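J.: let's see this in three dimensions:
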Amino acid sequence: MKKILLLTLALFLSNVLLAQQSKEIIPTLFTPKISYLDSLKSTFSNHATSNCIDERWMKEISDATLSNEMFFDIENMNIDEKVAYNLDTELLKKRLHKLDVQSPFLIEYNPALENVIKSFLKNRSKSFERQMAIAEYYFPLFEEKLSKYNLPLEIKYLAIVESALQPKAKSKVGAGGLWQFMPETGKQYKLNITTYVDERHDPIKSTEAACHYMLNMYEIFGDWSLVLASYNCGPGNVSKAIRRSGGKTDYWEIRKYLPRETANYLPAFLATMYIYEFKKEHGLVAQKAEMKYAETDTVMVKHAMTFKQISDLLDISEAQLEYLNPIYKAKYIPSINKEYFYLRLPKNKIGIFVSNEEKIYGYLAYLEQEKINKIQLALQAKKRDSIAKQDSLAIAANLIDKNSDTTEYEEVIKKRTKEVVSKDYHKVKKGETLSEIADKNKVSIINLRKWNNIKGSNINAGQSLVIQTTKKVTVNEVVKKPKPKTEIIEPAVENAVAENSEKPTENKYSSAKSKIEIMEDYYIVQKGDSIFSITKKFPNLTADDLKKKNDLKTDNIQPGMKLKIQG
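T.: Reported below is the predicted structural model:
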């Protein structure tokens, strides 16, 4: 019986040991922590998804270079300068006549218009192909509004001349948006401009405002060419040009009396119209448009939110949100009483937003509370730090080291990165254009003109052009660094003793190992000291003597006070 019990016990212990070893060998599986956001999104009612705008295409259509180049060309081109480009003049005349027949605009051939058309085809063909892709998004919207007010559909081409179809385009004089409204003119046509919102950048509202402006100007001038001129420089300048010309109302006859930019404005508009209408004949192919205006919709937002929060919730890039909602200046949709703000999204994202609206607002409220909690914790920590700092200052005042040395420094080598600009040169080959050279060297046309002081677009074969490149290099820099301090703790100074007299008996208060600082004839008051306790540290010193030496009327003393002991 005893043997059976021992055998049973041995088997039990071996099983326990084996179980412990197995536990050590089998690894613990790691379960990742699921965030509140991920948990919330897993409950969303989802709809069939479609591709969002490709990031590369998004960058392309948001590139401010398009509008900057258009601004520069219109302001600086010499439309009377002949341009070498293979386009038969007689063929051009026939095409312009065809446009004139089907358009309310007066489109007649003249050498200046021919020069602008040839210059655009020679130097801006790639830019036009990029803009044609963006036009597939905006032109349906423009045509809808122009038809609503019975305006010529060709006015849609004006937005290309004004902003190169960049909704956030800004001119150097402060005009903004697709239709380039100045702030005061925008407000006059009921476009709201605040810290967070600028409706000049809203495609729908700014197009409505542009239509109203065109109608008003047509009532004044009765001629579409003069309407476009007034859109650029204002009705006052057009009226002055008419008076200076002796009352003529033909644009080409008053052109020399208009501001330089406006003098180039109508030719640029007509040239743009020609290129779009005859793009196939010139071999221009629009880049792929990843999304069209009809594939988007709006939803009213009932809670303040950032583009980052929307991006996290709906899995849509901030760049796409910014492109679809250029009205919001700080990537933030505000929430203001009695004001309604709208968010434009791809239609598949609209479905997700509307189906899960209450959950989304609940998540935003949660984030706000988290932010408040963090602020409260930060304030509490700041209060604790302030109290601790006051205590530290009091202690520091009591630990003044009379032998503290001045700080010493040592030189050390530190690596840092800096940008270095270098210049290369490109020799212009026969037939090359600024656009081709800029693309080949991966620089912008604006910089290429700036580096080489070129105002127009014409260059000559054999001409040497400066190409600047910026490189990052690592350099060694000698900096001074404080040496680590060595703390010196000196024994307390003993009381002065007259010559040939016996040294007083050492006690616990006058020990050489004491850390109490005594500066020769003075004593620094420590926390907890009193007049009585200080006199105990110094034989032959009474409370009355201590108060008299330091002009003390009462027994009240504070930590950090310097009391005279001797003399």
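J.: number of nearby residues for residue 192?
T.: The number of residues packed near residue 192 is 14, by other CB atoms under 10 Å. Every residue, glycine included, has its C-beta placed from N, CA and C.
J.: tell me who's in contact with the spatially closest residue to it that is not a sequence neighbour.
T.: Leaving aside its sequence neighbours, residue 192 sits nearest to residue 199 (CB to CB, 6 or more residues apart in numbering; 4.7 Å). Counting by CB atoms under 8 Å, 6 or more residues apart in numbering, residue 199 touches 186, 191, 192, 193, 205, 206, 327.
J.: tell me the buried residues within these.
T.: 186, 191, 193, 205, 206, 327 (16 or more other CB atoms under 10 Å).
J.: where does the closest residue to residue 340 other than its chain neighbours land in three-state SS?
T.: The shortest distance from residue 340 to any residue other than its chain neighbours is 5.6 Å, reached at residue 300 (CB to CB, 6+ apart). Per DSSP: H, G, I helix; E, B strand; the rest coil, the local secondary structure of residue 300 is strand.
J.: wait, residue 137 sits on residue 292?
T.: Yes: here residue 137 reaches residue 292: they are 5.8 Å apart, a contact under CB atoms under 8 Å.
J.: between those two, who's got more neighbours?
T.: For residue 137 versus residue 292, the count of surrounding residues by other CB under 10 Å is larger for residue 137: 22 against 13.
J.: how near is the residue sitting nearest the centre point of the chain to residue 428?
T.: Centre of the chain computed as the mean C-alpha position; nearest residue by CA atoms, centre = their mean is residue 330, 8.4 Å away. Residue 330 sits at a distance of 44 Å from residue 428 (criterion: CB to CB, to the nearest Å).
J.: same check on residue 191?
T.: For residue 191, the distance to residue 428 - CB to CB - is 45 Å.
J.: ditto for residue 234
T.: 40 Å.
J.: lowest-pLDDT helix or strand in this protein?
T.: strand 518-519 (a mean of 45; mean pLDDT, DSSP states H and E).
J.: starting at the chain centroid, how far to the longest helix seen in the chain?
T.: The residue-count maximum for a helix in the chain (DSSP state H) belongs to helix 357-398. Between the centre of helix 357-398 and the centre of its host chain there is 27 Å, according to CA atoms, centre = their mean, to the nearest Å.
J.: give me the contact list for the helix or strand just after it.
T.: Per DSSP states H and E, the first helix or strand lying C-terminal to helix 357-398 is strand 409-427. Contacts to strand 409-427, defined as CB under 8 Å, 6+ apart, come from residues 437, 440-441, 462-483.
J.: among the residues you listed, name the buried ones.
T.: Using 16+ other CB under 10 Å, the buried members of the contacts of strand 409-427 are 437, 465, 467.
J.: in a strand, that's where the last one is, yeah?
T.: Yes: the assignment for residue 467 (three-state DSSP) places it in a strand.
J.: what does the model give it for pLDDT?
T.: With respect to pLDDT, residue 467 has a value of 91.
J.: residue 412 too?
T.: pLDDT, residue 412: 68.
J.: before we move on, what about the one 10 residues further on?
T.: Among the per-residue scores, residue 422 shows a pLDDT of 83.
J.: distance of it relative to residue 469?
T.: 5 Å.
J.: likewise residue 214?
T.: If you measure residue 214 against residue 469 using CB to CB, the figure is 46 Å.
J.: cool, and residue 291?
T.: Counting by CB to CB, the gap from residue 291 to residue 469 is 35 Å.
J.: repeat for residue 352
T.: From residue 352 over to residue 469 (counting by CB to CB), the distance is 45 Å.
J.: what does residue 98 give?
T.: For residue 98, the distance to residue 469 - CB to CB - is 47 Å.
J.: pLDDT weak spots in the chain?
T.: 1-36, 39-43, 45-67, 289-290, 391-412, 478, 480-520, 567 (pLDDT under 70).
J.: hey, where'd the strands end up in it?
T.: 296-301, 305-306, 332-333, 341-346, 409-427, 464-482, 518-519, 522-524, 562-564 (DSSP state E).
J.: will you turn those into TSV that also has distance to residue 119?
T.: Shown next, in TSV, are the strands of the chain (distance: least, CB to CB, whole Å):
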stretch	distance to residue 119
strand 296-301	35
strand 305-306	44
strand 332-333	42
strand 341-346	36
strand 409-427	21
strand 464-482	18
strand 518-519	86
strand 522-524	85
strand 562-564	85
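J.: hang on, residue 565 packs against residue 538?
T.: Yes: contact criterion CB under 8 Å: residue 565 and residue 538 qualify, at 6.0 Å.
J.: now do the shared contacts for those two.
T.: residue 523.
J.: these two: which is more packed in?
T.: residue 565 (22 against 17).
J.: now do the phi/psi pair for the more buried one.
T.: Note on residue 565: backbone dihedrals following degrees, to the nearest 10 are phi -110, psi -50.
J.: got the contact list for the residue nearest to residue 340?
T.: Taking CB under 8 Å, 6+ apart as the test, what residue 300 contacts is 340, 341, 342, 343.
J.: would you mind measuring from it to residue 342?
T.: Separation of residue 300 from residue 342 (CB to CB): 6 Å.
J.: hang on, the earlier thing: can I get the buried ones among the contacts of residue 199 in CSV including distance to residue 178?
T.: Compiled in CSV, these are given as follows (distance: CB to CB, whole Å):
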residue, distance to residue 178
186, 12
191, 12
193, 15
205, 10
206, 6
327, 11
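J.: distance of the residue nearest to residue 87 when sequence neighbours are not counted relative to residue 272?
T.: Of all residues not flanking residue 87 in the chain, residue 118 sits nearest, at 5.8 Å (CB to CB, 6+ apart). Look at residue 118 and residue 272: by CB to CB, they are 13 Å apart.
J.: between the two, tell me which one has more neighbours.
T.: Between residue 118 and residue 272, counting by other CB under 10 Å, residue 272 is the more crowded of the two (23 against 19).
J.: any idea how far residue 83 is from that one?
T.: On the measure of CB to CB, residue 272 and residue 83 end up 16 Å apart.
J.: how about residue 225?
T.: Residue 225 is 23 Å from residue 83, by CB to CB.
J.: which one of the buried ones among the contacts of strand 409-427 sits closest to residue 357?
T.: Distances from residue 357 to these, taken as CB to CB, are shortest for residue 437 (52.4 Å).
J.: so that closest one makes contact with residue 451?
T.: No: using CB under 8 Å, residue 437 is not in contact with residue 451, being 11.4 Å away.
J.: shared neighbours of those two, anything?
T.: The contact sets of residue 437 and residue 451 overlap at residue 465 (CB under 8 Å, 6+ apart).
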